[in-house]
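1. Return a 3D structure for these sequence lines:
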Amino acid sequence: MGRLVILSGPSCVGKGPLHTALTNFHPELATKLKKLVLYNCRSARPGEIDGKDYHFRSREEIEGLREKENFIVLDVRGDLQAVDLQEADRTLQKGDLFFEGNPFVGRKLQEAFASKVTVLSIFLSPLSKEEILFLQSQKNILSLENHVTDVMRRKLLRRTQRQKTILSLKDLENIERRAASAYSELKEAWHFQYIVPNHDGEDSENWNAFYYPVGDARKTLLAFADLVSSGKASPLVEAWDERLLS
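-> As a prediction, this is how the structure comes out:
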């Protein structure tokens with residue numbers, strides 16, 4: 001049996017470019033990770049391919065999957081997503097399975113497979129533990145939840161502007177929904193074995209403006225590669241207690 005490798009975190013935190021960077025600069029690791037393709041009711045983004053990034057289906061079709069025992073169906077930030085557990089199990093019979101996505105789905109996968117296979121769970125966070133503790137000490141001045149929402153809103157706005165240039169009302173509503181969900185998703189981090197703080201989200205040029213990632217993007221890539229290859233945690237990697245965001 002292979003391993004289940006989970007990479008989760010809030011929308012736009014940098015999961016996608018991190019996986020791309022692993023593929024580009026550590027192909028010997030990336031080629032061993034067979035991506036788990038989820039079902040999703042949302043429309044494909046520019047560059048996304050049906051069957052590769054997601055199985056794009058109607059909401060009604062995915063709702064119907066609730067009746068099948070081998071599917072996990074979850075509402076994720078207003079989008080209905082589903083996981084085919086039989087497909088995941090077949091892949092694990094052959095080698096490592098890789099999931100990149102929402103923490104709530106990541107947790108469900110951990111629960112479904114923890115007793116069957118080795119699970120490596122990694123959470124990509126827009127804030128470090130030290131930053132969270134500092135912001136909590138400033139609670140008379142600001143709200144940590146609002147701060148997280150503001151940080152992710154800016155990342156999401158920049159990413160969407162790069163993709164579309166002109167944003168529609170639907171785009172703005174989607175951005176707000178994803179930003180508002182970020183804090184509750186951050187509270188899921190303690191369920192994951194390793195937390196990797198990363199300030200270079202999917203809006204950052206540090207991933208692809210130069211030949212090799214720079215800044216936090218580079219540090220995050222190196223930390224992720226070490227975890228995938230050997231389970232070795234670099235000094236960047238953290239472990240959080242449930243009480244941190246309780």
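2. Give the helix, strand or coil label for F210.
-> Recorded secondary structure, F210: coil (DSSP: H, G, I helix; E, B strand; the rest coil).
3. Mind pulling the model confidence for it?
-> Looking at F210, its pLDDT is 96.
4. Could you do the one 4 residues further on as well?
-> Confidence at V214, expressed as pLDDT, is 98.
5. Let me know whether my guess that F99 is in a strand holds.
-> Yes - counting by three-state DSSP, F99 is part of a strand.
6. Touching, it and G9? I think so.
-> No - counting by C-beta atoms under 8 Å, G9 is not a contact partner of F99; they are 11.9 Å apart. Bear in mind the C-beta positions are built from the backbone N, C-alpha and C, glycine included.
7. intersection of neighbour lists for the two?
-> By C-beta atoms under 8 Å, 6 or more residues apart in numbering, F99 and G9 have no common neighbours.
8. Select the longest helix from the protein.
-> Assignment by DSSP state H gives helix 144-164 as the longest helix of the chain.
9. So which elements touch it?
-> Helices and strands touching helix 144-164, by 3 or more C-beta pairs under 8 Å, 6 or more residues apart in numbering; DSSP states H and E, are helix 129-137, helix 169-186.
10. gap between that helix and the chain center?
-> 15 Å (C-alpha atoms, centre = their mean, to the nearest Å).
11. How about stretch 189-206?
-> What separates the centre of stretch 189-206 from the centre of its chain is 8 Å, taken as C-alpha atoms, centre = their mean.
12. In the protein, mark out all the helices, start to finish.
-> Secondary structure of the chain by DSSP H: the helices cover 15-25, 27-30, 59-64, 85-94, 103-113, 129-137, 144-164, 169-186, 216-230.
13. List the buried residues for the third one?
-> Looking back up the chat, that one is helix 59-64. Within helix 59-64, the residues that count as buried by 16 or more other C-beta atoms under 10 Å are I62.
14. same for that helix, what does it pack against?
-> Using 3+ C-beta pairs under 8 Å, 6+ apart: helix 59-64 touches strand 39-40, strand 79-84.
15. that older thread, so which of F99 and G9 has more stuff around it?
-> Per other C-beta atoms under 10 Å, whichever of F99 and G9 has more neighbours is G9, with 29 against 23.
16. how close does the more buried one sit to L120?
-> 15 Å (C-beta to C-beta, to the nearest Å).
17. Let me see the confidence value for the residue of the chain positioned farthest from its centre.
-> Relative to the C-alpha centroid of the chain, counting by C-alpha atoms, centre = their mean, N140 is the outermost residue, at 31.0 Å. At N140, the model reports a pLDDT of 96.
18. cool, R162 as well?
-> Looking at R162, its pLDDT stands at 88.
19. about what we covered before: output the helices and strands packed on helix 144-164 in TSV; the columns should cover mean neighbour count.
-> Compiled in TSV, the helices and strands packed on helix 144-164 are given as follows (neighbours: other C-beta atoms under 10 Å):
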stretch	mean neighbour count
helix 129-137	13
helix 169-186	17
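20. Understood, closing this out.
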